[in-house]
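In: here is the input, now give the coordinates:
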Amino acid sequence: MKIFITFVTTLVLAITANAQTTVQATVSGQAYDVTYRTGVVFDDYETTIDDAPWWNNNATTANSFATAVNVNGLRFAHKTGTVFGTAAVYYATNSTNDVAAQNASSDYAISAVAVPAPLPILGILPVVGFLKRMRKRQRA
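Out: Numbering: from 1, shown residues only. Okay, here's the model as predicted:
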């Protein structure tokens, strides 16, 4: 039993060490669900991050996301390059722009999904009326 408890505890600690968190932020009037992971290396999520809206040499957009999310130390990587022969990642946080080695462990924002706006109540009324007429026809 003691071995089982030790195993479960170790498993829970391993899972929470790289915890994924999602927060909502509004950038330029659009709401986003921004997902980030703590204590990860850029290389592990490079293919996911390069689909993010702040990617592709866009430091201004990365700064906007970092300011909107406002999580201290959360990196919004916006391009890669080479610094003194070492693969590097350029990123923005809520307080600065910087560059770090790609294999440096940190907290990285890995994706952002635009949240759709709710349907206006008047926009859904014609749909409700159409469905009501269809039910009447099916009964007849």
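In: ok, the residue sitting nearest the centre point of the chain - contacts?
Out: When the chain is reduced to its mean C-alpha position, the nearest residue by CA atoms, centre = their mean turns out to be T35, at 2.5 Å. Contacts were defined as CB atoms under 8 Å, 6 or more residues apart in numbering; by that measure T35 touches Q20, T21, T22, A109, I110, S111, A112, V113. From N, CA and C alone the C-beta is placed, and that goes for glycine too.
In: wait, what's in contact with the third one?
Out: Think T22. Contact criterion CB under 8 Å, 6+ apart gives D33, V34, T35, Y36 as the residues in contact with T22.
In: the closest residue to the second one other than its chain neighbours: neighbour count?
Out: Excluding its sequence neighbours, the residue lying closest to V34 (CB to CB, 6 or more residues apart in numbering) is A112, at 4.7 Å. A112 has 24 neighbours, counted by other CB atoms under 10 Å.
In: A112 belongs to a helix?
Out: No: remark: A112 does not belong to a helix; assigned using DSSP: H, G, I helix; E, B strand; the rest coil, it is strand.
In: start to end distance for stretch 76-90?
Out: End-to-end span of stretch 76-90 (CA to CA, to the nearest Å): 8 Å.
In: what separates that stretch from the chain centre, distance-wise?
Out: Its chain's average C-alpha position is 20 Å from that of stretch 76-90, according to CA atoms, centre = their mean, to the nearest Å.
In: can you start the count at 369 instead of 1 from here on
Out: Noted, 369 is the first residue going forward, which turns the last one into stretch 444-458.
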